[in-house]
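*Asks:* Only the shape, not the letters, is given here:
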DNA sequence: TTCTTTTATTGTAATATTACGATTAATAAA
DNA sequence: TTTATTAATCGTAATATTACAATAAAAGAA
């Protein structure tokens, strides 16, 4: 059977997309990478290895996860790869997640 | 060794918090639960079993994950448990994640 | 060409996640 | 008290994730 695997077929495309983007941010190393890119605009893998302190293959793995989710782009430049945020995808994420995040805090009167 | 485990000690408290909250939203079933609670204010486990279509222990497991992350609260009422969003925690999440989500889209000039 | 630099990939060990059947626990109803 | 009703927990199978050593690949420097 397909145990251990998420049943994506019973959810909407939108729900799967939202979950995928949230999942991509669901590791502190990937949060740190995004924060670094926000500050520096671009970076190469080696920068992050020094900054974060995980092994190079581990950083490379996290970069791949962010790239697969579409949150970053990578361009090969000589021996290194230049990474940056994919702002178009971040706009999509923002529009999908803002209905969840922009909650009315004073709704908690009708709570259990 | 501690292989397979996230090295939380090399990250800031804030980075770990952000990752934990994002991770809690990183599954379509948990997105669906949050969306349901946004629409209905409160619900019990059985409502979600009917609405989502996963087995009762699976829904219960996802509710526990959201509760552990602090995103929902649960109050026992007779034989059932009444769940709702924890708006205070959502405020924390909003303030932590908004620096990431409120990006200037026209920054992509200095990208690679 | 040979050596260096940089990153991606492969392989693997340890742990975490997902899903569900079976069972338990706890309250309500008969 | 006996019988539902409801949800949590336990156990477990299948898969996914995390971390890193070792290696490969690809471009630049000597």
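*Replies:* Perfect, thanks for sending it. Note that the coordinates shown come from a computational prediction; the quantities given were computed from them, not determined experimentally.

*Asks:* Okay, now the unreliable bits of chain A?
*Replies:* Flagging of chain A using pLDDT under 70 yields the residue ranges A:103-111.

*Asks:* That one: helices as residue ranges?
*Replies:* Secondary structure of chain A (DSSP state H): helices at A:13-24, A:28-40, A:45-52, A:56-68, A:87-101.

*Asks:* could you list every residue that touches the closest residue to residue A:22 other than its chain neighbours?
*Replies:* Nearest-residue entry for residue A:22: residue B:25, 3.8 Å, with adjacent residues in sequence omitted and distances by C-beta to C-beta, 6 or more residues apart in numbering or on different chains. Yep, even glycine has a C-beta here, placed from its N, CA and C like the rest. Contacts for residue B:25 were tallied using C-beta atoms under 8 Å, 6 or more residues apart in numbering or on different chains; they are A:18-19, A:22, A:26, A:100, B:31, B:34, B:71.

*Asks:* Kindly reformat the helices of chain A as JSON lines containing distance to DNA strand D and mean neighbour count.
*Replies:* As requested, these are arranged in JSON lines below (distance: least, C-beta to the nearest atom of the strand, whole Å; neighbours: other C-beta atoms under 10 Å in any protein chain shown):
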{"stretch": "helix A:13-24", "distance to DNA strand D": "6", "mean neighbour count": "20"}
{"stretch": "helix A:28-40", "distance to DNA strand D": "5", "mean neighbour count": "20"}
{"stretch": "helix A:45-52", "distance to DNA strand D": "9", "mean neighbour count": "16"}
{"stretch": "helix A:56-68", "distance to DNA strand D": "3", "mean neighbour count": "16"}
{"stretch": "helix A:87-101", "distance to DNA strand D": "17", "mean neighbour count": "16"}
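
*Asks:* Look up how far residue B:5 lies from the residue lying closest to residue A:48 once chain neighbours are set aside.
*Replies:* Nearest residue to residue A:48, sequence neighbours excluded (C-beta to C-beta, 6+ apart): residue A:59, at 4.9 Å. Here the criterion is C-beta to C-beta, to the nearest Å. By it, residue A:59 lies 17 Å from residue B:5.

*Asks:* same question, residue A:101
*Replies:* For residue A:101, the distance to residue B:5 under the criterion C-beta to C-beta works out to 29 Å.

*Asks:* cool, and residue A:71?
*Replies:* Using C-beta to C-beta, which is the criterion applied here, residue A:71 is 24 Å from residue B:5.
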